[in-house]
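>>> Quick one, structure for this:
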Amino acid sequence: MAGVNKCIFVGNITRDPDIKHLSDVKVANFTIAVNKSWKDRQTDEWKEKVEFVRIVAWRYLAEKAERSLTKGKQCFVEGELETRKWTDKEGNDKYTTEIIARDIQLMGRKDDDEQAPAPKLKGDTYGDDDTEDLPF
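Below you'll find the predicted structure:
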């Protein structure tokens, strides 16, 4: 029976992708920060943990990453978990675990600086109750 190796992440890009050319193949390496928060039952305080996930994108996904991914933007990544082993200069075995991307989607607004804020809905505690101008 075949296994399933599928990972899905939504996180913020920690740095612009590092683009390299291996022969005729383009590869992009970048890291996303994935936040997790929960309320501690004993202290009743909110806790937060951040995981940094290494992403590798090949060929057309590397081109897509180069064109559209920049530090701070939120993205969706679907891929496979892979662990590589290599030997360093001193002869020690080293390991790296990364996600080999199969799909990458930029999330949020296309340009956060130029977009107007979303319309306020009735009952929205952060805005006024003026919902008569909404098209629905």
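
>>> check contacts around Val4.
Residues near Val4 by C-beta atoms under 8 Å, 6 or more residues apart in numbering: none. The C-beta positions use only the backbone N, C-alpha and C, and glycine is treated the same way.

>>> which residues in this protein form helices?
59-68 (DSSP state H).

>>> which residues of the chain score low on pLDDT?
Applying pLDDT under 70 to the chain flags residues 109-136.

>>> let's go with 90 and repeat that
1-2, 22-24, 40, 44, 107-136 (pLDDT under 90).

>>> Give me the phi and psi angles of Lys89.
phi -60, psi -30 (degrees, to the nearest 10).

>>> and Trp86, what does it touch?
So Trp86 contacts 93-94, 96 (C-beta under 8 Å, 6+ apart).

>>> With adjacent residues omitted, what lies nearest to the most centrally placed residue in the chain?
Per C-alpha atoms, centre = their mean, the C-alpha nearest to the average position across the chain is that of Gly11, at 3.4 Å. Leaving aside its chain neighbours, Gly11 sits nearest to Ile32 (3.5 Å; criterion: C-beta to C-beta, 6 or more residues apart in numbering).
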